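Q: sharing a model that was predicted from the sequence below.
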Amino acid sequence: MKITTTALPGVLIIEPKTFRDTRGFFLETFQSERYASAGIDQPFVQDNHSRSQRGVLRGLHFQRQRPQGKLISVSRGSVFDVAVDIDPKSATFGQYVGIELNDDNHLQVWIPAGYAHGFCVLSEVADFHYKCTDFYDPSDETGIMWNDPDINIAWPLHSPLLSAKDQQLPLLRELK
Ligand SMILES: Cc1cn([C@H]2C[C@H](O)[C@@H](COP(=O)(O)OP(=O)(O)O[C@H]3O[C@H](C)C(=O)[C@H](O)[C@H]3O)O2)c(=O)[nH]c1=O
């Protein structure tokens, strides 16, 4: 397993060891001791799976009182995954990292609690999986606009398919 740090504190890119043979491939998508040795040692309490069509963008979301750490992977298709530093006390406040995760590179991203997260779909369909360190609480969910000019994310698409909720998210500068 190869771990790469990013410009955002604690956000890691993980490349699990993939075993390929004439049948296909095998990889361990999570192993508690190995991931704990990389600093991913908070217990996971919920696994999520979303499927989206090409052009969908989900995000940018975060949780206010019970922020979730997320271990993200893609089992089908390709997405551009983004984490944004929304902590005004952070030296990297307002900065983001973005990376393509797909069913060929098998890359994963660890996003600690406290970051905003979103992704857009680059393939006909994408199956998106993430392990969370806290439970879902709809009353605790909020977010920021995908195309916030102060963050200026270089999304690889221009007119995403957004949920009604995501079309009305505030800008980072508007957060209280
Ligand atoms: C997130 C979530 C949603 N739901 C239900 C609530 C809605 O009826 C339906 C779709 O929810 P939503 O539109 O909020 O799903 P996404 O837009 O994929 O939200 C997620 O998108 C970005 C990428 C994230 O990182 C967050 O985990 C999360 O905000 O699933 C649940 O029952 N449990 C959950 O944990």
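A: Everything's here; your move. Numbering: from 1, shown residues only.
Q: where exactly do the strands run in the protein?
A: Under the criterion DSSP state E, strands of the chain are mapped to 2-5, 12-15, 18-21, 24-27, 46-53, 57-63, 70-76, 78-85, 96-102, 108-111, 115-121, 125-132, 141-143.
Q: for the first one, packing partners?
A: Here strand 2-5 touches strand 12-15, going by 3 or more C-beta pairs under 8 Å, 6 or more residues apart in numbering; DSSP states H and E. In short, each C-beta sits where N, CA and C put it, glycine included.
Q: just the residues contacting stretch 7-22, thanks.
A: The contact list for stretch 7-22, computed with C-beta atoms under 8 Å, 6 or more residues apart in numbering, reads 1-6, 25-29, 35, 38-40, 71, 83, 85, 90, 92, 95-97, 99, 105-112, 115.
Q: can you list the residues of this protein near the ligand?
A: With C-beta under 6 Å from any ligand atom as the criterion, the chain meets the ligand at residues 48, 50, 58-59, 61, 117-119, 136, 141, 163.
Q: whichever of these end up buried, select them in PyMOL.
A: Selection of buried members from the residues of the chain next to the ligand for PyMOL, criterion 16 or more other C-beta atoms under 10 Å:
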select buried, resi 58+59+61+117+118+119
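Q: between the two ends of stretch 166-176, what distance do you get?
A: By C-alpha to C-alpha, to the nearest Å, the extent of stretch 166-176 from end to end equals 18 Å.
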